[in-house]
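Student: what follows is a predicted protein model with its sequence.
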There are 2 protein chains.
Amino acid sequence: MEPGDAVSPGPGQALRALLPRLLLLPLLPVLLGRGLRAGAAASSSGAAAEDSSAMEELATEKEAEESHRQDSVSLLTFILLLTLTILTIWLFKHRRVRFLHETGLAMIYGLIVGVILRYGTPATSGHDKSLSCTQEDRAFSTLLVNVSGKFFEYTLKGEISPGKINNVEQNDMLRKVTFDPEVFFNILLPPIIFHAGYSLKKRHFFRNLGSILAYAFLGTAVSCFIIGNLMYGVVKLMKIVGQLSDKFYYTDCLFFGAIISATDPVTVLAIFNELHADVDLYALLFGESVLNDAVAIVLSSSIVAYQPAGLNTHAFDAAAFFKSVGIFLGIFSGSFTMGAVTGVVTALVTKFTKLHCFPLLETALFFLMSWSTFLLAEACGFTGVVAVLFCGITQAHYTYNNLSVESRSRTKQLFEVLHFLAENFIFSYMGLALFTFQKHVFSPIFIIGAFVAIFLGRAAHIYPLSFFLNLGRRHKIGWNFQHMMMFSGLRGAMAFALAIRDTASYARQMMFTTTLLIVFFTVWIIGGGTTPMLSWLNIRVGVDPDQDPPPNNDSFQVLQGDGPDSVGGSRTKQESAWIFRLWYSFDHNYLKPILTHSGPPLTTTLPAWCGLLAQCLTSPQVYDNQEPLREDDSDFILTEGDLTLTYGDSTVTANGSSGSHTASTNLEGGRRTKSSSEEVLERDLETGDQKVSSRGTPLVFPLQENA
Amino acid sequence: MEPGDAVSPGPGQALRALLPRLLLLPLLPVLLGRGLRAGAAASSSGAAAEDSSAMEELATEKEAEESHRQDSVSLLTFILLLTLTILTIWLFKHRRVRFLHETGLAMIYGLIVGVILRYGTPATSGHDKSLSCTQEDRAFSTLLVNVSGKFFEYTLKGEISPGKINNVEQNDMLRKVTFDPEVFFNILLPPIIFHAGYSLKKRHFFRNLGSILAYAFLGTAVSCFIIGNLMYGVVKLMKIVGQLSDKFYYTDCLFFGAIISATDPVTVLAIFNELHADVDLYALLFGESVLNDAVAIVLSSSIVAYQPAGLNTHAFDAAAFFKSVGIFLGIFSGSFTMGAVTGVVTALVTKFTKLHCFPLLETALFFLMSWSTFLLAEACGFTGVVAVLFCGITQAHYTYNNLSVESRSRTKQLFEVLHFLAENFIFSYMGLALFTFQKHVFSPIFIIGAFVAIFLGRAAHIYPLSFFLNLGRRHKIGWNFQHMMMFSGLRGAMAFALAIRDTASYARQMMFTTTLLIVFFTVWIIGGGTTPMLSWLNIRVGVDPDQDPPPNNDSFQVLQGDGPDSVGGSRTKQESAWIFRLWYSFDHNYLKPILTHSGPPLTTTLPAWCGLLAQCLTSPQVYDNQEPLREDDSDFILTEGDLTLTYGDSTVTANGSSGSHTASTNLEGGRRTKSSSEEVLERDLETGDQKVSSRGTPLVFPLQENA
């Protein structure tokens, strides 16, 4: 492929095609009104020249009007699709149908509408006009064109390869329903990814953090490399057979490996959630698929960066390889930092203001700050989607604790709705794209090769890694879990978004078509097969995800000894690597007290020489302790104390401050009226806290020392 | 003005400028990576020609990258602005500052940032390039340009008047922060208007419906006509004085009258709400300002339609006038119908499915259906914003009753957040626009004239109309109310959005500048003066808006005799016009039973010959009555019965079905745990129902007859 095709030519201009479709103009009545009066005007007196120019304008306006009607209709099509999907989802949930998940359903409806649009609408010729005026040096972003005395402003949309000039969008309706690929990256993915981070079940996630990171980073890299190499073999084979009509480089294969390695957290996990399947398996799969989306994005852009520019070779080059590894690490850590930083800033703002009295303001601020992560990362040259993921995790870990009860449910619900709409939109668009996308390249060998490659890639990723992880893990990852993880390697929204992002070259078009088919297959077959597979693999279902498993394992091999760790916490402590323990204690002693209203006051945890700083950072808490508003504060103390007292941990009550617990219980009582869904998350967060806090650090505020 | 300038030239293309600013591309890392490898690539071997083309592309990409950084930064500026506004709003609310409302605050921050951007950033020359190739006949929407062998696609952005070619956006940063006007109409106004409709306090609104309609329709028309004529005088004066440098027609003056007649429901009403000022005054002002936004939109487009095309005269023309009145009525009733229809469809869907078991699905459906109103209206050539208003009212009246408790709060909160963000964005943008908008035309005479005209227009609208309304009203609108309404004629978001929509001609630019100043002045001065004005005019504050006023009027002239009407309902009945009574009974007997789970079953209210249809439509209710799920249903019965029993209305308990009331009380008890804000709305809705139902129609389900 040509180096210039790696990204859509003019990214700025590439996006402009979408807005008219998303936003429909209320100018129509005006135009309509004009149409009516045009007849009257023509009959009255007036200069002939002005009249003809008015008629000309009228023609342009009519065209614009027609275009907007079509825009409205195409968007209405999508809304109709989503509405239908919602109603059918309801019907399925109502009748407890599980063989097809909602995302699969959305795709089917998309397919049907795609077929109708493709074969049911007449093919109209585009209104495009080729201007042969040759510019001297390069394309400008804005163009002024003189049309018989009038100047029109044009903006650059993108480059078109010479072969495609004649078949640029032959069907108006198909063109209308084809969104700009960047929309997926900039509008639809961020809420999905943020929601994934924000709704992460922290306790189980952090308990399996090491394994999750290994699967996400090493696993994705291994999978990408294996798939890439296998596909290179397939491409070679295709060349020999004579099935390949254009260039297909090694880097293209690696790129395909990267985009297809992004597993989808949606379908399988929705079923897991519904069936209350094993929490640790859930955490492993969820954590892996969320993080590997981030890894896949950065990986694919590093591979693009790796391609030697202006060269034909596209062969392996050690220097370029290390450079792209460096780029990978740079972008990833940069995006991570951005996300974490805005999360921390939001936590600080919500902590040090009493914004929680005004849930609307708080929710709006939360939304804006989370959005600014995306922009900030983009402005700094990092990956917004990745930053948004870590922002979500940070927000859930710190900011969430500072929010008012109403804002907690508001923010959760807001992002839940955005996530739901975006996800179903992507999946129904996928269905639509199979028929409305006009540059499909179906290559049976490549497709079959890809299916084999992702199977092998997944196997080479799960089994060896699990083996090595089991060497270090106290709770082994059982064979049934490994098989389930192997089976659950669905491809979904992220693979699609990465594939559709650039479909300029022949290789990329073939990749896109193949990705689409892989997504269809995995979502329908694997998504539908999850329930039978779970029972076939003897994986426990019906577990309350917020409850720990019972002390004795009832099914064979299920994370032996994992059960009782929430009671004592000592076992978890033993098995965690020292780096995580270090992080936990740092988080509990310093970060939580600085960023939230919980944890021990900094005056006790920080060394004496930073007493002033510590007092400054803990001051609102101290103020709160003297004001009647201090429930917010004592909420956390009490929660910890409460849980600790329930579990009867002796390290806590040894502090002698049990008097303050009972004193604040009454304050607490009034704040405990939450809706059930939110209570679940909160319980989770609190329990997570409790677990963290039971790791040997002082658990109860020594309030007496402060006073 | 030229007829072609009435709307932005190419509406479809006009929007494309925004998206790159709203959505920031995550392509930067890719581009960044390429920048890094470019050096390495240049030193390696390769065809010289390919190398140079790669370098060329690199230059274009660098430019695109730079443009995206700027996009990110400009959007970050707005987010920063909004964040600052939110924090300051909190501070103001915290300290109970009332002399400046949040919208005024947002404008001030916008102003400050505008000054910084204007005078603090270096003016860079644009990268625009004028292509002198003359096209034969007209401008096409898409252009293919051949640049040294490569084809680039350009899209039409709009026409530029010849005089402005040399100063097309001289400053990149200023250009970046200037949004496309249609964004206001298509993204920002719909949530604001929908929220206004959805959060309408129905009881007080419907009680004053006649007056509200009179103020909104007649009042706006009168105000528009008076302001238009006064401004025409001002324009004539300017011509004589020699202050007018370009054309300014009579229709332009009328158009100005229309856009400036849209009063803003935000600022004053926020203060009213906070102070719990008199509910009827609140209803009058809110209803008027919400509806007159819709009237002003349609009025302004009718005036544009009225302009005789291609003629220079722009004089009064009776035929065209009646045509534009016809257009006004057509567009208004069409938009109204669209809104009502989608609201009714949503109500039916939520009634006949058990979607309320899944609040997320329900909320998503509600959101999609409400949005589809906008699209549908646009697709049919009506005004989306107006349709959205009536959709909101219908949704609140019918659909809201069918929603689950969680969805009620979810939908309310979702639209509340959207409304809040959109509104504050508009107001801070207004502040920004005063300095960053590059085509201001400050004309002191016009501005002073406009201030006088809106004062006179408001006076000519409020006082005579109130006089005529008082002839028919039993509860007179007192002088203090009239003065307050006169005073509260703020101009806000809608006037701004209408003014910025088209700033192509000299006249429109002058209008825009004047509108901006009027908005500033009224929001700051009048918004800040509301509290003193209320006390000066002796208007009651501290009234619970959901409670009726006490039976005896405590301040002079306050809607005499308005107090006790909720007790008996007979007085209200007497004073309502027969058309409204007819509507009320129709709504209660037929629409509510068809669209919601409340009201008497259709089998009793419909004539016997449509028994089958009635049974079909009431069937879910009947099923509910036999299933344990029937609380939904009895909720309504009970609520009515409950309130009635409280008020001791004899017409209700005369039905002899008091046994069913007590029977369903237990079912009711469990569902009454709602958050306070929502309970308020619900209480309002329920009370509204109670009032409606006490208008002489059978109030209690004759359940015995059904069984």
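Tutor: Great, that's in hand. Numbers count the residues shown, from 1 in each chain, chains lettered A, B, ... in the order given.

Student: from A:L82, how far out is A:N424?
Tutor: Note on A:N424: its distance to A:L82, by C-beta to C-beta, to the nearest Å, is 6 Å. Yep, even glycine has a C-beta here, placed from its N, CA and C like the rest.

Student: overlap of the contact sets of those two?
Tutor: The contact sets of A:N424 and A:L82 overlap at A:A106 (C-beta atoms under 8 Å, 6 or more residues apart in numbering or on different chains).

Student: give me the residue from the stretch 251-400 of chain A nearest chain B.
Tutor: A:A305 (2.7 Å; C-beta to the nearest C-beta).

Student: that residue and A:G330 touch, don't they?
Tutor: No. Taking contacts as C-beta atoms under 8 Å, A:A305 lies outside contact range of A:G330: 10.4 Å.

Student: where does pLDDT dip in chain A?
Tutor: Applying pLDDT under 70 to chain A picks out residues A:1-62, A:64-65, A:121-176, A:306-317, A:543-577, A:599-601, A:603-604, A:608, A:611-612, A:615-707.

Student: circling back: comparing A:A305 and A:G330, which residue is more hemmed in?
Tutor: A:A305 (25 against 18; other C-beta atoms under 10 Å in any protein chain shown).

Student: for the stretch 351-500 of chain A, which residues are neighbours of chain B?
Tutor: A:353-355, A:357-358, A:360-361, A:363-365, A:367-369, A:371-372, A:374-379, A:381-385, A:406, A:410, A:413-414, A:416-417, A:420-421 (C-beta under 8 Å from any C-beta of the partner chain).

Student: which of the residues you listed fall within strands?
Tutor: In strands, judged by DSSP state E, none of these are found.

Student: which of the residues you listed count as buried?
Tutor: The neighbour count (16 or more other C-beta atoms under 10 Å in any protein chain shown) marks A:353-355, A:358, A:360-361, A:363-365, A:367-369, A:371-372, A:374-379, A:381-385, A:406, A:410, A:413-414, A:416-417, A:420-421 as buried among those.

Student: report how many residues lie close to A:K236.
Tutor: Count around A:K236 with other C-beta under 10 Å applied: 14.

Student: got a list of contacts for the host helix or strand of it?
Tutor: For A:K236, the element it lies in under DSSP states H and E is helix A:220-241. By C-beta under 8 Å, 6+ apart, the residues outside helix A:220-241 that reach it are A:244, A:248, A:250, A:253-258, A:260-262, A:292, A:295-296, A:299, A:443, A:445-446, A:449-450, A:452-454, A:456-458, A:460-461, A:464-465.

Student: please apply the same query to stretch A:87-107.
Tutor: A:81-82, A:85, A:108-109, A:266-267, A:270-271, A:274, A:423-424, A:427-428, A:430-431, A:492, A:520, A:523-524, A:527-528, A:531, B:349, B:353-355, B:357-358, B:361, B:365.

Student: can you pull the contacts of A:I192?
Tutor: A:419, A:422-423, A:426, A:493.

Student: mind listing which of the residues you listed are in helices?
Tutor: Taking DSSP state H, the ones among these that sit in helices are A:419, A:422-423, A:426, A:493.

Student: neighbour count added to those residues, as JSON lines?
Tutor: Listed next are the ones in helices among the contacts of A:I192 as JSON lines, based on neighbours: other C-beta atoms under 10 Å in any protein chain shown:
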{"residue": "A:H419", "neighbour count": "22"}
{"residue": "A:A422", "neighbour count": "20"}
{"residue": "A:E423", "neighbour count": "24"}
{"residue": "A:I426", "neighbour count": "26"}
{"residue": "A:A493", "neighbour count": "26"}
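
Student: do a quick rundown of the strands in chain A.
Tutor: A:129-135, A:142-147, A:150-160.

Student: re the thing from before, filter the contacts of stretch A:87-107 down to the buried ones, ChimeraX style.
Tutor: Selection of buried members from the contacts of stretch A:87-107 for ChimeraX, criterion 16+ other C-beta under 10 Å:
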select /A:81,82,85,108,109,266,267,270,271,423,424,427,428,430,431,492,520,523,524,527,528,531 /B:349,353,354,355,358,361,365
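
Student: any idea how far apart the tips of stretch A:392-404 sit?
Tutor: Its start and end residues considered, stretch A:392-404 measures 18 Å (C-alpha to C-alpha, to the nearest Å).

Student: got the contact list for that stretch?
Tutor: A:193-200, A:202, A:339-340, A:342-344, A:346-347, A:350-351, A:356-357, A:359, A:362, A:366, A:370, A:408, A:411, A:591-592, A:595-598, A:636, A:685.
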